[in-house]
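In: Quick one: sequence and predicted model below, then my questions.
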Amino acid sequence: MSTNTNISSETDDNVTTPLIQRPTRHRYTLYHLSTFILTFVSYAMLHAARKVFSNVKSTMAEEWSPVANETIRPIKPDNIWNQTRLFNSPGDATIFLGVLDALFMFSYATGLFISGIIGDRFDLRIVLCSGMIVTAIMIFLFGVLSEWLHIYKAAWYISFWILNGLAQSTGWPCVVAIMGNCRGLIFGIWSACASVGNIFGAALAASFLTYGYEYPFLVCTVLLICCAIICFFAIIPSPADVGMEIKHVNTSTEETTTRVNDRETGEETEIIVKTSESTATKPITFFRAWVLPGVAMYSLCYACLKLVNYSFFFWLPFYLHAKFRWQESDADLLSTLYDVGGIIGGIVGGLISDLAGLRSIVVVPALLTAIPMLFVFSGLANDKTANGVVMTVTGVFIGGPANMISAAITADLGRQEILAASDQALSTVTGIVDGTGSFGAAIGQVLIPLIEKRWKDWRFVFYFFVLMTFVTCCCILPLFIRECKIAINKIKTRYAAHRQRNYDTI
Amino acid sequence: MMKFSIISILFVFINGEFEMKNLCTDRNATSKSVIDYCKSQNGSLEFRCCFLSNSTNILAIDLTEMHLNKVPDLIEFTNLINVTMMDLRLNPQLKSSDKDDFLGMKYLDYLFLPEQYSCPGEKRIWQVINKTTDPIGIVCMHQKDFCTNSTDTCIEPNSYCVSNGPNHFLCLCKNGYYGYKCLRYGQFRIGIFFGISITVTVILSILFYVTQRRHVKKD
C-alpha cells in the first residue's frame, strides 16, 4: 500500500498542490543504486566542465595578451612576454571572457527547452550519452586544439562555446527524467550532484593548470567520453525496461480507487478500467506542459532564484578580489565553501520535505533566512574565517532551495497525478523549469557588471540579490499558504486521532 | 645551371663577407686605447678590429671617424657579441636610441662615446665615467649588473632577471617553468592518463553491461 499524500481538489480548483511521490516500500535494488550513481556522476562531470572554464579564465586572459602595464621599460624577450595573440591586454581578454559566459548561459537556457522536449520523445540513455560526447568534443576544440595549434580567433571560441552550451543542456532533463522514473529514491542527496561537480571541476582545474590551461580541458574531455561510454552500457532509463514496472501500475490503480471512494462511488469502476488499459506512454506537448499546475509558477520563481545563485557563484571570486584584494586561489576556495553549503542545504531540505510531504514550507523559510544573511555578507570586514562561515551558511539557505527546486520539485511537477499515467512529461517539465531558470541566470550575468558600473558600489548588487530573493518568495506564496493550511490540518487530525486512540484504550 | 648556382653561392658569400668587412676593413685602427688593449690581451689587429687568436668574434673595435648615424647592432653584425671595448668617438652624427643601442653586448667593459652621446644608464650602469681629451669624448668603464642594481625589473612571477648589455635586461623563466609568460610548470603525463582512463572505462563498461543492461527486455 502506498502512502501517497493525496491532496484532492476539495480545497481549491485553481491551484492544486503538486503531489509528492513518497517512497513506497520498495526494495532498493542494485538498479536503483547504479542509476543513482551513474546519473550523479554524469551530471557532475558536465557541471565540472563548466567550472573548469571559470577557474582557468584568468590564465586564459594572460595567455591571450601581452604583459600588462609595463613599467619604465618593456620586458624582454618578446617571445616570452609580448605576443599579442588575441587581445592587447589581460583586461580586454577578461571582458571577452565575460561575454563568453553570458553567451553560454543564453545558449544553455535555449538548449534546455529543446532538450527537454527531445528527452521525452527519444531514449533518454541515447540523448544523454550523445550530449556528453558532443560536449566533450566541443570542449576539446575550444580549449585544447586552439592552444595546441595556436588558433587564437574570437569567432572560433564563440562558436564552440555556444555549441557547448547547447550540448550541455541535454544533461539535466535526461538525468532528472531517468531518476524520476525510478521511484522511491532520495532526491535530496542526489540533487547535490551539481555542487559536487563544481567542486570536482575546481579540483581538476587546480591540479592540472600548472601544465598549461588546456590540460584541465583535456582531462575533462577524456573523462566525459569515458563517462558517456560507461553510461551507454549501463544506464537503464526506466525500471520498465527490466520488468520492474508492474508493481507500480497495480498500486496506482489502488490509489485511484481509494480517492474516488472518498467522494463519488459512482465513478469507481470507470477509473479502474482506464488506468489498467493505458500501457503505452506518449510524450506531452510543450504547451500542455506549461499549463500544468505549478510549472509556470515554479519556473518564474526558479528564474529569480537561479539568478541569485549563479551570480553569487560566478561573481564571488571577482568581488572578493576587487573588494579585499584577495588572491585568486583564496577566492576560489571560498566559492567552494558556498557550494558545500548548497550541498548541505539541498540534502537537509530534501530530506525534511520528503518526510513532511510538503516542499514549499521548507523552501520559503530558507529563502527568508537567506535575506538577512546577504545583508550580513555585504557588510563583512576583511576576515577570511568570518567570510568563510557566512559564505557557507548563505550557501545552505540559497543554494539549498535552488537545488531542491531544480531536482525534487521539478520531478514532482513532472509526475503529478493530474497527468494521466500515460503522459511522458518529466523531461519536458525539467527543461521548462531549468530553461527559465537559466534565462534568469543569463540575464543576471549581464546585469551584475552593469549595476556595479552604474553605482560603483557592490552593496547595490547585494540589494538586487535581496530583491530577487524576495520576488522568489512572492512567486511561491500562494503555494506556501496552501501547504501551511494542509500541514496545520494534518497536525490537527493527527492530534485528534491520538486523543481518540487514548480514549479507546481507556 | 651549374654556373648559375656557383655564381649565386659566390654572390651570397661575398655579400656576407662584405657586411663584416664593412665594419672592420676601412683603414687601420687609430684609437690608441684599442691598440693598447689589443696588445695587452694578446690579440691580433686586423684593420679596425681586434681578434683573439682562437675566435672569429671581435674583442675590441675602433669605430672612430666612420660617419655613423646609429650604433651597430648585433642583428647585423653578429660577431660583436663578445666585444669588450668599443670606440665610437669622432662620429658627430651619432644619435642615441635607448631601446636598441648596445642590446646584447653583455661583455662591453670599455665604451668610448662622442661628447654628444651620454653613457647609457649613467652611473647606474657604469662604475667609472670620465671625459677623454684625445680624441674628445666620454669613456664609460666597467658595466654593472643591471639586475642587482635595479628594483623594477622582473615583477612577473616565475621569472628572474638576467643582464643583457648596458641598460638592458632579459626576464627568463625560472628553473622548471617554461612557455608563454613562464606560466607552465611540469609535464603532463599523457600516456599514464590515457592508459588509466581507458582501462577503467573498459572494465566498468563490461561490468555494468553484464550486470545491468543484459537484462533489458527489448520490445
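Out: Here it is on my side, so go on. Numbers count the residues shown, from 1 in each chain, chains lettered A, B, ... in the order given.

In: Leaving out chain neighbours, which residue sits closest to the residue in chain B positioned nearest to chain A?
Out: Chain A sits closest to B:Phe208 of chain B, with a gap of 3.3 Å, by C-beta to the nearest C-beta. (Each C-beta comes from the backbone N, C-alpha and C, glycine too.) The shortest distance from B:Phe208 to any non-neighbouring residue, by C-beta to C-beta, 6 or more residues apart in numbering or on different chains, is to A:Ala234 (3.3 Å).

In: Isn't that neighbour up against A:Leu38?
Out: Yes. Under the criterion of C-beta atoms under 8 Å, A:Ala234 is in contact with A:Leu38, at a separation of 5.7 Å.

In: what is in contact with these two at once?
Out: B:Phe208 (C-beta atoms under 8 Å, 6 or more residues apart in numbering or on different chains).

In: Who has more neighbours out of the two?
Out: A:Leu38 (23 against 20; other C-beta atoms under 10 Å in any protein chain shown).

In: ok, now which ones touch that one?
Out: A:Ile230, A:Cys231, A:Ala234, A:Ile235, B:Phe208.

In: Among the residues you listed, show me the least confident.
Out: Least confident of the contacts of A:Leu38 in the model: A:Ile235, at 83.

In: quick one: B:Tyr185 and B:Tyr177 touch, right?
Out: Yes. Here B:Tyr185 reaches B:Tyr177: they are 5.2 Å apart, a contact under C-beta under 8 Å.

In: can you tell me the helix or strand for residue 208?
Out: You didn't pick a chain, so chain A it is. Here A:Phe208 sits within helix A:193-208, counting by DSSP states H and E.

In: That was the other one, I meant chain B.
Out: Using DSSP H and E, B:Phe208 falls in helix B:190-211.

In: Likewise for A:Phe462?
Out: Assigned by DSSP H and E, A:Phe462 falls in helix A:458-475.

In: who does that helix touch, helix- and strand-wise?
Out: Contacts defined by 3 or more C-beta pairs under 8 Å, 6 or more residues apart in numbering or on different chains; DSSP states H and E place helix A:458-475 against helix A:295-324, helix A:360-378, helix A:426-455.

In: got a pLDDT number for the residue nearest to the spatial centre of chain B?
Out: The centroid of chain B falls nearest to B:Gly104 when counting by C-alpha atoms, centre = their mean (3.7 Å). With respect to pLDDT, B:Gly104 has a value of 85.

In: right, and it touches B:Leu74 too?
Out: Yes. Assessed by C-beta under 8 Å, B:Gly104 is found in contact with B:Leu74 at 4.4 Å.

In: list residues touching both of these two?
Out: Contacts common to B:Gly104 and B:Leu74, judged by C-beta under 8 Å, 6+ apart, are B:Ile81.

In: How about the residues of chain B by chain A?
Out: Applying C-beta under 8 Å from any C-beta of the partner chain, one finds that chain B approaches chain A through B:152, B:154-156, B:159, B:164, B:168-173, B:179-188, B:193-194, B:197-198, B:200-201, B:204-206, B:208-209, B:211-213, B:215-217.

In: give the contact list for the residue in the stretch 151-300 of chain A positioned nearest to chain B.
Out: In the stretch 151-300 of chain A, no residue comes nearer to chain B than A:Ala234, which is 3.3 Å away by C-beta to the nearest C-beta. Contacts for A:Ala234 (C-beta under 8 Å, 6+ apart) come out as A:Ser34, A:Leu38, B:Leu204, B:Ser205, B:Phe208, B:Tyr209, B:Gln212, B:Arg213.

In: Which member of these is positioned nearest A:Asp330?
Out: Proximity of these to A:Asp330 (C-beta to C-beta) peaks at A:Leu38, which lies at 34.8 Å.

In: is it true that that closest one lies in a strand?
Out: No. Assigned with DSSP: H, G, I helix; E, B strand; the rest coil, A:Leu38 falls outside any strand and is helix.

In: Give me the residue ranges of the chain where confidence is low.
Out: Defaulting to chain A. A:1-28, A:69-73, A:181-186, A:240-281, A:328, A:417-423, A:506 (pLDDT under 70).

In: let's do chain B instead
Out: Using pLDDT under 70, chain B drops low at B:8-22, B:152, B:213, B:216-219.

In: Touching, B:Val128 and B:His142? I think so.
Out: Yes. With contact defined as C-beta under 8 Å, B:Val128 reaches B:His142; the gap is 6.1 Å.

In: Contact residues of chain A facing chain B?
Out: So chain A meets chain B at A:30-31, A:34, A:38, A:59, A:62-63, A:67, A:71-72, A:75-77, A:80-81, A:83, A:208, A:210-213, A:215, A:218-219, A:222-223, A:226, A:229-230, A:232-236, A:241-243 (C-beta under 8 Å from any C-beta).

In: what's around the closest residue to A:Leu305 other than its chain neighbours, how many residues?
Out: Leaving out its chain neighbours, the residue that sits closest to A:Leu305 by C-beta to C-beta, 6+ apart is A:Thr472, at 4.6 Å. When neighbours are counted by other C-beta under 10 Å, A:Thr472 registers 28.

In: Pretty sure A:Thr472 sits against A:Leu367.
Out: Yes. The pair A:Thr472 and A:Leu367 qualifies as a contact (C-beta under 8 Å) at a distance of 5.9 Å.

In: any shared contact partners between these two?
Out: The overlap between the contact sets of A:Thr472 and A:Leu367 (C-beta under 8 Å, 6+ apart) consists of A:Leu305.

In: can you give me the strands for chain B?
Out: Along chain B, counting by DSSP state E, strands occupy B:44-46, B:49-51, B:58-62, B:85-87, B:110-113, B:126-132, B:137-143, B:159-163, B:169-173, B:177-178, B:184-185.

In: got the domain boundaries for chain B?
Out: Chain B breaks down by automatic domain parsing into domains covering B:2-143, B:145-188, B:191-219.

In: distance of the nearest residue to A:Val446 once chain neighbours are set aside from chain B?
Out: With C-beta to C-beta, 6+ apart as the criterion, A:Val446 has its nearest non-adjacent residue at 5.4 Å, and that residue is A:Ala102. Distance, A:Ala102 to chain B, using C-beta to the nearest C-beta, to the nearest Å: 26 Å.

In: angle of the helix or strand containing A:Ala102 against helix A:426-455?
Out: Element membership of A:Ala102, judged by DSSP H and E, is helix A:90-121. Note on geometry: by axes from the mean of the first three to the mean of the last three C-alpha atoms, to 10 degrees, helix A:90-121 and helix A:426-455 are set 160 degrees apart in direction.

In: And the helix holding A:Phe208, what's buried?
Out: In terms of neighbour count (16 or more other C-beta atoms under 10 Å in any protein chain shown), helix A:193-208 has its buried residues at A:193-206, A:208.

In: For that helix, name the packing helices and strands.
Out: Counting by 3+ C-beta pairs under 8 Å, 6+ apart, helix A:193-208 packs on helix A:30-63, helix A:214-234, helix A:328-356.

In: The second one: how far from the chain's middle?
Out: Looking back up the chat, that one is helix A:214-234. 21 Å (C-alpha atoms, centre = their mean, to the nearest Å).
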